[in-house]
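1. okay, structure incoming, though there's no sequence with it:
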RNA sequence: GUGGGCGUAGCUCAGUCGGUAGAGCAUCAGGUUGUGGCCCUGAGGGUCGUGGGUUCAAUCCCCAUCGCUCACCCCA
């Protein structure tokens, strides 16, 4: 039997309701903030992600779905969206059309990692990018939109963490200081942390090993080494969040794993979804556009994982999808009449009325049970003497009442007189 | 890439201290002639993940393999 590829999931009719529910909230929140939707291809030239996300990152180093197409071009299924949006922004000169571009997306993404709870190889993200302003208003807007969507879905167990990574120069400055600090303490660190000194020194702050935590307790902090611009941005973001009543925590160990981030970054985690607890992450990327050869354009954005959010919603029982229903079920009383019943169904459907009937010759009882299961508003009994007189019995399933209706009056009756 | 758990009907699971299997839900048919939701009756549906080994005999023991799952890493 051929099965879906590891780490991919079918979204079956049972669960499509909650996906639509979530997607509706997402796009309505973006609409209130006046973000426009953008869709980009599912795959791009590999170079785009390699350069944008960073050669040394895990995503580029070991997680991308990369292959050569028939013309020997290396292409990659998108592992995230920011690089693609920036590419489209430059390619279509969006910066010339509007000085500020506020964009959002909902799209599948692909990363070849080992699947686990809240982590798939094909997963769905929504997110936003604002290109053309370095204003902290937009950093706050990102956090605010993400928070509005998550709370709009009824989630309560959320923590917003913010940090600032500064500019590349201030970060470089800082890591130098950190390296000096660790020079004579190296022997106290765990093996893993030792390796990180060269690989990704900031990650040592993430260690859960007691000795490492002890060593890092007195280490210099990046936040104390920020350049003035980054510091201003961060301070402004904090005060705007406070005045917008958005609760947040400062987390100096919050590091985003993509190279393009500068200044303020943030993450929203859920206490309900297991070890992959980041529902959403984002931050500012003021240098990415020019890095790709565009006019220098500051940007900020975020992305959130829909599957993780759905896990959180289920754990918190945070919303109930309204039951689906139909307007009319046609119960066919005589098998001979099934084609006539179908013609009637068709003509009623063309009046924007949702009609279902039995296609497989089930008993009347079974048809009634089906009508009930579908939450049909009305049931029409098709056949018998009434039919030969051009009438049918129409039953209201809510209150059980039934009346004889002329076939030509059905549409009016059903659409509520 | 590394480690743990699991793999029995469509779904959720039970079970056999080794003698080829069951429940609930779902599906279908019925509970008097053309009528639902509750309830009742019945039916269909499984080579017990796959391959090999031990044994008179394995779904249950052993080995391998595949798949799923959780965790590390990292990320949404």
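-> Sure, I can see it. As the structure is a computational prediction, the values presented were derived from the model and not from experiment.
2. and the stretch 301-417 of chain A, which of its residues are near RNA strand B?
-> Residues of the stretch 301-417 of chain A that fall close to RNA strand B, judged by CB under 7 Å from any atom of the strand: A:303-305, A:307-308, A:333, A:362-366, A:368-373, A:379, A:381, A:383-386, A:393, A:395, A:397-398, A:400, A:402. The C-beta positions use only the backbone N, C-alpha and C, and glycine is treated the same way.
3. closest residue of chain A to RNA strand B?
-> Nearest to RNA strand B in chain A, going by CB to the nearest atom of the strand, is residue A:257, at a distance of 0.9 Å.
4. where does that residue land in three-state SS?
-> Secondary structure, DSSP: H, G, I helix; E, B strand; the rest coil: residue A:257 is coil.
5. any quick PyMOL command for the buried ones out of the residues of the stretch 301-417 of chain A next to RNA strand B?
-> Selection of buried members from these for PyMOL, criterion 16 or more other CB atoms under 10 Å:
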select buried, chain A and resi 303+304+305+307+308+333+368+370+371+379+381+383+386+393+395+397
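6. my read: the residue of chain A closest to RNA strand B touches residue A:60, true?
-> No. Here residue A:257 does not reach residue A:60: they are 10.3 Å apart, not a contact under CB atoms under 8 Å.
7. which of the two has more neighbours?
-> Taking neighbours as other CB atoms under 10 Å, residue A:257 and residue A:60 compare with residue A:60 leading, 21 against 13.
8. quick one: contacts for that one?
-> The contact partners of residue A:60, by CB atoms under 8 Å, 6 or more residues apart in numbering, come to A:49-50, A:53-54.
9. quick one: it is in a strand?
-> No. Counting by three-state DSSP, residue A:60 is not part of a strand but helix.
10. may I ask which two of the contacts of residue A:60 are separated the most?
-> Distances among those were taken as CB to CB; the most separated pair is A:49 and A:54, at 9.2 Å.
11. and these two? Which one has more around it.
-> With neighbours defined as other CB under 10 Å, residue A:49 and residue A:54 compare such that residue A:49 has more, 26 against 17.
12. pretty sure the more buried one sits against residue A:79.
-> Yes. At 6.2 Å, residue A:49 counts as touching residue A:79 under the criterion of CB under 8 Å.
13. overlap in contacts, these two.
-> Common contacts of residue A:49 and residue A:79 (CB under 8 Å, 6+ apart): A:59, A:64.
14. re earlier: could I get the contacts of residue A:60 as TSV with pLDDT?
-> What follows is those, written out as TSV (pLDDT from 0 to 100):
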residue	pLDDT
A:49	95
A:50	93
A:53	91
A:54	88
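15. include secondary structure when you put these into CSV, please.
-> As requested, the contacts of residue A:60 are exported to CSV (three-state DSSP):
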residue, secondary structure
A:49, helix
A:50, helix
A:53, helix
A:54, coil
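16. ok, which of those residues also contact RNA strand B?
-> Counting by CB under 7 Å from any atom of the strand, nothing from the contacts of residue A:60 sits close to RNA strand B.
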